[in-house]
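Participant: Here you go, sequence then predicted model.
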Amino acid sequence: MALLGPRQAGKTTLALEIARSRDALYLDLELPEDRRRLTDPAAFLEAFRDRLVILGKIHRAPDLFAPLREIIDRGRRSGEANGRFLILGSASFLLLRQSESLAGRLGRVELSPFGILEVPNEAGTRRRLWIRGGLPLAFLAESDADSFRWRRKLLFAYCERDLPAFGSRVRPAVLNDLLTMLAHTQGAPVNLSRLASSLSLAVPTVRRAIALLTGLHLLRIVRPYLRNPGKRLMKSPRTYVRDSGLLHALLGVRDFHGVTGHPVLGASWEGFVMENLLVVAPCGTRASWYRTRGGAELDLVLEIPGHPAPWGVEIKYGQTPRVSRGFHAAVEDIRPERTFVVHSGEKRYPLRAGVEAIGLRELATLLAEA
């Protein structure tokens with residue numbers, strides 16, 4: 001099993017708890033002494049064939065994938081039970097060289113930061129989750145100032161260590177500039193040419209950097225909904241900084257008052273809502289956005305396995321949301337099974353036939369049970 005997710009989401013903490021309960025062997029592959037133990041991985045792991053082996057920070061030893069494949073296949077042929085290895089990584093397997101050698105041999109689970117359904121249902125706590133984000137040390141910090149400093153250090157570590165480790169040749173300062181520019185255009189269609197020109201980089205270089213940021217769980221790319229061939233559709237993907245706390249740190253926003261006075265307020269709330277919905281959505285849910293050149297627009301289209309039509313979601317900050325003519329036109333185009341307007345309050349009430357205003361927590365609960 002592979003346990004993936006962003007840095008500092010709690011993967012190692014969870015793995016150590018599992019190790020204590022299962023008498024497992026834990027190896028941190030960031031430590032040279034633990035990597036040296038695996039100089040001959042087949043011989044070393046053979047000695048622990050009856051114990052769970054947890055391999056932390058697998059991206060530090062990508063050459064392990066091929067030996068692991070052989071060990072797993074040999075165990076299958078001899079009738080050994082599954083579940084011998086738990087692999088931890090901060091990157092999508094798309095970034096890990098040779099990861100294809102474990103295709104069909106390794107289940108994958110993503111450990112996300114704290115979400116709206118995992119914190120107490122109190123207005124102050126919900127607001128803190130939005131402002132600080134869901135990474136445990138940021139969310140649980142003593143103060144907003146402490147949380148902000150911790151998030152800035154984490155972003156520095158991403159740009160100085162993680163991105164270069166995965167092959168980025170862009171200077172760390174330029175990577176930070178790219179992330180900051182993406183934060184200022186949260187939820188907007190990607191314009192690679194403009195980004196490249198502003199950073200004095202080639203377009204392919206910017207494209208690769210965005211792919212790395214996505215693979216490290218920092219960015220989410222939302223593709224357009226293209227299942228309406230009779231309309232002239234906008235076809236560029238949108239980018240979102242996934243963790244709202246990291247978004248605010250990139251923008252220099254330290255607290256709730258800073259967010260509400262910042263031009264990114266609506267986009268920040270949109271990204272926060274979207275991320276909280278997508279991490280609880282049923283497995284296989286396809287998320288996209290919809291906009292025609294005629295102005296019909298819907299923030300989120302969710303195609304949920306087993307449902308005859310998608311769910312449509314519009315996201316508005318404020319407790320009395322009003323929707324535009326473009327929203328109504330999009331609903332007519334897509335004809336969702338259910339349509340919601342998510343607002344920043346808690347009340348649920350009808351806006352018109354087939355359209356409900358709803359709070360984030362309640363919609364997340366409905367989606368998790370869909």
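Facilitator: Nice, I can see it. Residues are numbered from 1 along each chain as shown.

Participant: CA only for contacts and neighbour counts going forward, please
Facilitator: Fine.

Participant: hey, which helix or strand in the protein has the poorest pLDDT?
Facilitator: Using mean pLDDT, DSSP states H and E, helix 65-77 stands out as the lowest-scoring helix or strand of the chain, at a mean of 79.

Participant: Name the residues of that one that are buried.
Facilitator: Neighbour-count burial for helix 65-77, counted by 16 or more other Cα atoms under 10 Å, picks out Phe65, Leu68, Arg69, Ile71, Ile72.

Participant: Contact partners for the last one?
Facilitator: Listed by Cα atoms under 8 Å, 6 or more residues apart in numbering, the contact partners of Ile72 are Arg105.

Participant: Distance of it relative to Gly306?
Facilitator: To Gly306, Ile72 is 34 Å away according to Cα to Cα, to the nearest Å.

Participant: wait, Leu300 sits on Arg286?
Facilitator: No: between Leu300 and Arg286 there is no contact under Cα atoms under 8 Å: 10.0 Å.

Participant: Tell me where this structure has strands.
Facilitator: Under the criterion DSSP state E, strands of the chain are mapped to 2-4, 25-28, 53-56, 85-89, 108-110, 219-224, 238-241, 286-291, 297-303, 311-315, 338-343, 349-352, 355-359.

Participant: Show me the one of these that comes nearest Ser193.
Facilitator: Minimum separation from Ser193 across these (Cα to Cα) falls at strand 238-241, 14.7 Å.

Participant: ok, residues contacting that closest one?
Facilitator: By Cα under 8 Å, 6+ apart, the surrounding residues in contact with strand 238-241 are 182-183, 186-190, 218-224, 247, 271.

Participant: do the same with stretch 146-154
Facilitator: Contact with stretch 146-154 is made by Arg132, Leu137, Ala138, Phe139, Leu140, Ala141, Gly245, Leu246, Ala249, Leu250, Arg254, as judged by Cα under 8 Å, 6+ apart.

Participant: Show me how far it is from its chain's centre.
Facilitator: Distance, stretch centre to chain centre, for stretch 146-154: 19 Å (Cα atoms, centre = their mean, to the nearest Å).

Participant: Please tell me how far Lys231 sits from Gly294.
Facilitator: Lys231 is 9 Å from Gly294, where distance means Cα to Cα.

Participant: repeat for Arg194
Facilitator: According to Cα to Cα, Arg194 and Gly294 sit 24 Å apart.

Participant: Ok, Ile71 next?
Facilitator: Using Cα to Cα, Ile71 is found at 57 Å from Gly294.

Participant: cool, Ala188 as well?
Facilitator: Computed as Cα to Cα, the Ala188 to Gly294 distance reads 18 Å.

Participant: More neighbours: which of those two?
Facilitator: Counted by other Cα atoms under 10 Å, Ala188 and Gly294 do not tie: Ala188 has more neighbours, with 15 against 12.

Participant: ok so, going back, compare Leu300 and Arg286 and say which is more crowded by neighbours.
Facilitator: Taking other Cα under 10 Å, Leu300 and Arg286 do not tie; Leu300 has more neighbours (23 against 17).

Participant: Just list the residues touching the more buried one, thanks.
Facilitator: Leu300 makes contacts with Met274, Ala287, Ser288, Trp289, Tyr290, Gly312, Val313, Glu314, as judged by Cα under 8 Å, 6+ apart.

Participant: now those as CSV including distance to Ser198?
Facilitator: Shown next, in CSV, are the contacts of Leu300 (distance: Cα to Cα, whole Å):
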residue, distance to Ser198
Met274, 28
Ala287, 30
Ser288, 28
Trp289, 26
Tyr290, 28
Gly312, 35
Val313, 33
Glu314, 32
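
Participant: ok, which pair from those residues is furthest apart?
Facilitator: So, those by Cα to Cα: farthest apart are Met274 and Tyr290, at 14.2 Å.

Participant: quick one, which of the two is more surrounded?
Facilitator: More neighbours surround Tyr290 than the other of Met274 and Tyr290, with 26 against 23 (other Cα under 10 Å).

Participant: What residues sit buried inside stretch 284-291?
Facilitator: Across stretch 284-291, burial judged by 16+ other Cα under 10 Å covers Thr285, Arg286, Ala287, Ser288, Trp289, Tyr290, Arg291.

Participant: swap in stretch 351-362?
Facilitator: Val355, Glu356, Ala357, Ile358, Gly359, Leu360, Arg361, Glu362.

Participant: Kindly check the end-to-end length of that stretch for me.
Facilitator: 16 Å.

Participant: how far does it sit from the chain's center?
Facilitator: 25 Å.

Participant: hmm, who's touching it?
Facilitator: Residues contacting stretch 351-362 (Cα under 8 Å, 6+ apart): 116-117, 273, 321, 338-350.

Participant: Any idea how far apart the tips of stretch 129-146 sit?
Facilitator: With Cα to Cα as the measure, stretch 129-146 spans 15 Å from end to end.

Participant: For that stretch, give the mean pLDDT please.
Facilitator: Mean pLDDT, stretch 129-146: 97.

Participant: per-residue pLDDT, the residue of the chain positioned farthest from its centre?
Facilitator: The outermost residue of the chain relative to its centre, with distances by Cα atoms, centre = their mean, is Ser78 at 38.0 Å. pLDDT, Ser78: 73.

Participant: Gly258: which of the strands of the chain is closest?
Facilitator: strand 238-241 (17.9 Å).

Participant: Any idea how far that closest one is from the middle of the chain?
Facilitator: Strand 238-241 has its C-alpha centroid displaced from the chain centroid by 10 Å (Cα atoms, centre = their mean).

Participant: Can you tell me which of the buried residues of stretch 351-362 is nearest Leu52?
Facilitator: Using Cα to Cα, these come closest to Leu52 at Arg361, 36.7 Å.

Participant: Quick check: bridge partners of Ser288?
Facilitator: Note on Ser288: beta-bridge partners Arg223, Val301, judged by DSSP bridges.

Participant: My read is that it contacts Pro224, right?
Facilitator: Yes: between Ser288 and Pro224 there is a contact under Cα under 8 Å: 5.1 Å.
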